[in-house]
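>>> Fold the following, please.
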Amino acid sequence: MQVIDDIFIAIYKASGIPKWELLAYNRKPQYADYRHIAASLIQEYNPDITLQELSIILNGRDRSTVSNSLNKVRNTLHFDYQLTLRYYNTIKNLRPMNKEEKIAELKAQQKALKERIDKMFNYLSPSFKEAQSQLIKVTDEIAELELSINNQ
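Just a heads-up that it's a prediction; the model follows:
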């Protein structure tokens, strides 16, 4: 399939790792990240591909390994700086995008950033609400004291 070959070529351009070396059993983080990216992009450009077919393309890796690769990219793409950098460098090397595709890509990035902000806010939300509550109490106390001073 031409798209799959294009993905491996884009990975080679971004990383300098040839396909045969990428698909070898090397567990170095750089190689693993680019294998995760390959799995993710192959699935993205071939939405009907099964895990079994994807595992064959990735040199017979176990389906659970392929599934974990897809989940890693999906769940950590915008939180893992190295993975994000490698992913977008690979995308840049795939092919030039037309304006509609660029808009779709930017909207996807926008959505991912909004989700990231929501996750961060939800994580910080209890602390934020507590601080906000304390701020209101302190503000009310200041207002009461100033009012009592002015009434003297």
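>>> can you list the domain ranges for the protein.
The record assigns the chain these domain ranges, following automatic domain parsing: 2-94, 98-152.
>>> Tell me where this structure has helices.
For the chain, applying DSSP state H gives helices covering 2-15, 19-22, 29-45, 51-57, 63-76, 81-94, 99-150.
>>> Could you say which of the domains of the chain is packed most deeply?
Neighbour counts (mean count of other CB atoms under 10 Å) averaged over each of these peak at domain 2-94, with a mean of 16. Yep, even glycine has a C-beta here, placed from its N, CA and C like the rest.
>>> What is the distance between that domain and the centre of its chain?
13 Å (CA atoms, centre = their mean, to the nearest Å).
>>> rewinding a little: just put the helices of the chain in a markdown table and tack on mean pLDDT.
Formatted as a markdown table, those follow (pLDDT from 0 to 100):
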| stretch | mean pLDDT |
| --- | --- |
| helix 2-15 | 88 |
| helix 19-22 | 89 |
| helix 29-45 | 93 |
| helix 51-57 | 92 |
| helix 63-76 | 91 |
| helix 81-94 | 88 |
| helix 99-150 | 75 |
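>>> now could you export just the CA positions of stretch 137-147 as PDB?
What follows is stretch 137-147 as a C-alpha-only set of coordinates in PDB (Å, rounded to 0.1, in the frame of the first residue of the first chain):
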ATOM      1  CA  LYS A 137     -14.000  35.100  52.700                       C
ATOM      2  CA  VAL A 138     -10.900  37.300  53.000                       C
ATOM      3  CA  THR A 139     -12.500  39.900  50.700                       C
ATOM      4  CA  ASP A 140     -15.700  39.900  52.800                       C
ATOM      5  CA  GLU A 141     -13.600  40.300  56.000                       C
ATOM      6  CA  ILE A 142     -11.700  43.200  54.500                       C
ATOM      7  CA  ALA A 143     -15.000  44.900  53.500                       C
ATOM      8  CA  GLU A 144     -16.500  44.400  57.000                       C
ATOM      9  CA  LEU A 145     -13.400  45.900  58.700                       C
ATOM     10  CA  GLU A 146     -13.300  48.800  56.300                       C
ATOM     11  CA  LEU A 147     -17.000  49.400  56.900                       C
END
